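*Asks:* take a look and give me a structure for this.
(one chain, ligands or ions: 2)
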Amino acid sequence: MACALRRLFLRWVYSLRATEVKQVVVLGATGSIGLSTLDVLNRHTDRFNLHTITANRSVEKMLELVLAYEPQQAIMACPDAAEELASRLPVESPTRVLGGEQALIDAASASDVDVVMAAIVGFAGLRPTLAAAEHGKRLLLANKEALVSAGGVFMEAARAGGATLLPIDSEHNAMFQCIPANSRGRPYTAGVEKILLTASGGPFRGRSRSELAGVTPEQACAHPNWSMGRKISVDSATLLNKGLELAEACWLFDCTPDDIDVVVHPQSIIHSLVRYDDGSVLAQLGNPDMRTPIAYGLSWPERIDAGVSPLDLISLAQLDFEAPDLDAFPCLRLAQEAITQPGGMCVLNAANEIAVAAFLEGQLTFTGIDKVIAHTLEKVPSVEPENLEGVEALDGRARVCAQERVEQLERDTGGV
Ligand code: NAD
Ligand code: MG
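*Replies:* Numbers count the residues shown, from 1 in each chain. Ligands and ions are numbered 1, 2, ... in the order given. Sure thing, here's the model as predicted:
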């Protein structure tokens with residue numbers, strides 16, 4: 001009798017736990033991934049509660065989000081922007097406004113937080129993303145630059161902290177869906193023969209190197225399939241994004257670049273594939289809408305509605321595939337080489353962030369981006385960082401070198 005009562009009591013406790021509302025932090029809430037995340041969360045308010053949203057300095061966008069979603073906290077990385085946001089909120093607002101990087105780190109590691117969406121763009125997201133990993137959160141990783149730059153340091157923090165690392169990059173989310181759960185982290189023991197990493201080819205697919213010299217930031221940011229932030233749009237146009245994703249896949253699935261082939265698939269319907277020893281190839285398909293991987297990251301191992309329209313294969317009619325053109329887009333080759341160098345991807349990422357910012361500001365040509373990266377990789381001594389301070393020091397050295405190269409190219413050519 002006592003046993004039966006105990007069982008009933010435990011079942012009741014477990015049922016409460018199963019329906020427990022998860023507390024979610026969205027780092028980079030005003031961006032493309034951040035807004036898609038808020039859209040998915042808003043469809044499932046019975047499962048998720050918005051604990052904190054963060055942004056860099058865009059007060060106007062943040063104000064709209066705070067008024068619409070009323071999170072517990074809104075954090076601006078830039079303290080002045082936080083002050084302005086606080087002054088513009090109505091006094092009765094339930095949202096607490098904070099400013100500065102430490103506030104981002106505190107939110108990502110707070111004990112009452114279950115889920116952290118890491119959607120800050122670039123190396124700037126490393127510290128708060130790492131904090132979520134160290135504190136064992138369910139970590140939805142969109143911020144690929146953090147993982148790629150910090151590599152081993154990041155993975156060790158996630159392992160030691162007991163974090164559940166869920167890839168949000170559509171390709172890695174697809175691989176995650178195609179590799180059985182019990183073999184994740186060691187796919188090659190599960191009969192995986194090759195991972196096929198798909199690439200859209202970006203807006204300039206099919207152009208020669210000489211046709212790329214004069215392209216503008218607006219053209220580079222006009223991606224044919226995906227609507228994304230400006231930095232990743234340029235990365236997609238140079239194919240550097242595929243280089244970051246190659247390194248990302250190596251860390252996430254514990255494999256080497258030789259285990260991964262890049263396949264250009266212009267329709268962005270297949271998000272990646274896994275080929276097995278027995279000849280089977282598993283692929284994940286879906287409309288190009290980041291709400292699908294975001295919803296899967298939030299609900300895994302279950303599935304929830306993402307608001308994405310059903311895939312219509314008949315109207316699609318055709319799926320194409322081709323090899324990447326490494327002569328026209330040398331950034332992918334630079335990444336393939338950098339992955340084999342200690343700290344190489346940290347240097348490459350930093351140089352790319354400097355070069356892309358300069359391109360978007362009109363200080364560098366599109367084809368100048370790979371020149372800056374190649375120069376920086378050559379000049380900055382390769383070293384494997386052992387901790388966060390080592391990663392930040394290497395990133396800093398690469399940024400200085402890349403910035404000097406941008407300025408020299410600008411002097412040589414008189415700008416763009
Ligand atoms: P975005 O530019 O649209 O948004 C970036 C967000 O980061 C904004 O909220 C911004 O306020 C915040 N931010 C920028 N600098 C910051 C700083 N110094 N400190 C704190 N916050 C800062 O970018 P996005 O397209 O949403 O991409 C976000 C991340 O997700 C990137 O790492 C990108 O590579 C990755 N990703 C994006 C997509 C996509 O479809 N957009 C797909 C796959 C991966
Ligand atoms: Mg991707």
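
*Asks:* closest residue of the stretch 251-400 of the chain to ligand 2?
*Replies:* As assessed by C-beta to the ion, ligand 2 sits closest to H271 within the stretch 251-400 of the chain, at 8.1 Å. All C-beta atoms are positioned from the backbone trio N, CA, C, and that covers glycine.

*Asks:* name the nearest residue to that residue, ignoring sequence neighbours.
*Replies:* The shortest distance from H271 to any non-neighbouring residue, by C-beta to C-beta, 6 or more residues apart in numbering, is to A174 (3.6 Å).

*Asks:* what helix or strand is that neighbour located in?
*Replies:* helix 170-178 (DSSP states H and E).

*Asks:* hey, what's the angle from the helix or strand hosting the residue of the stretch 251-400 of the chain closest to ligand 2 to helix 170-178? Just curious.
*Replies:* Take DSSP H and E as the rule and H271 turns out to sit in strand 270-276. For strand 270-276 against helix 170-178, the angle by axes from the mean of the first three to the mean of the last three C-alpha atoms, to 10 degrees is 40 degrees.

*Asks:* ok and the residue in the chain nearest ligand 2?
*Replies:* When scored by C-beta to the ion, the chain has D169 as its residue closest to ligand 2, at 4.1 Å.

*Asks:* that residue: what's it in contact with?
*Replies:* Residues counted as contacts of D169 (C-beta atoms under 8 Å, 6 or more residues apart in numbering) are L141, A142, K144, E245, E248, P293.

*Asks:* want to throw these into a markdown table with secondary structure?
*Replies:* Putting the contacts of D169 into a markdown table (DSSP: H, G, I helix; E, B strand; the rest coil) gives the following:
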| residue | secondary structure |
| --- | --- |
| L141 | strand |
| A142 | coil |
| K144 | helix |
| E245 | helix |
| E248 | helix |
| P293 | helix |
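
*Asks:* when you check ligand 1, which of those residues turn up near it?
*Replies:* A142, K144 (C-beta under 6 Å from any ligand atom).

*Asks:* who wins on neighbours among the contacts of D169?
*Replies:* A142 (32 neighbours; other C-beta atoms under 10 Å).

*Asks:* that one reaches L165, doesn't it?
*Replies:* No - judged on C-beta atoms under 8 Å, A142 makes no contact with L165 at a distance of 11.9 Å.

*Asks:* return the residues of this structure in contact with ligand 2.
*Replies:* Taking C-beta under 5 Å from the ion as the criterion, the chain approaches ligand 2 at residues D169, S170, E171.

*Asks:* mind putting those in TSV, pLDDT included?
*Replies:* Shown next, in TSV, are the residues of the chain next to ligand 2 (pLDDT from 0 to 100):
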residue	pLDDT
D169	98
S170	98
E171	98
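
*Asks:* what about I260, neighbour count?
*Replies:* Residues near I260, counting by other C-beta under 10 Å: 20.

*Asks:* list the buried residues in stretch 33-46.
*Replies:* I33, G34, L35, S36, T37, L38, V40, L41, H44 (16 or more other C-beta atoms under 10 Å).

*Asks:* distance from the chain centre to that stretch, please.
*Replies:* With C-alpha atoms, centre = their mean, to the nearest Å as the basis, stretch 33-46 stands 17 Å off its chain's centre.

*Asks:* circling back: ligand 1 next: which of the residues of the chain next to ligand 2 are close?
*Replies:* Applying C-beta under 6 Å from any ligand atom to the residues of the chain next to ligand 2, those adjacent to ligand 1 are D169.

*Asks:* what's the first helix or strand after the helix or strand bottoming out on mean pLDDT in the chain?
*Replies:* Across the helices and strands of the chain, mean confidence by mean pLDDT, DSSP states H and E is lowest for helix 2-18: a mean of 50. Using DSSP H and E, the helix or strand that follows helix 2-18 towards the C-terminus is strand 22-27.

*Asks:* what is whichever helix or strand comes after that following strand packed up against?
*Replies:* Going down the chain from strand 22-27, the next helix or strand is helix 32-42, by DSSP H and E. Judged by 3 or more C-beta pairs under 8 Å, 6 or more residues apart in numbering; DSSP states H and E, helix 32-42 is in contact with strand 22-27, strand 48-55, helix 59-69, strand 115-118, helix 291-299.
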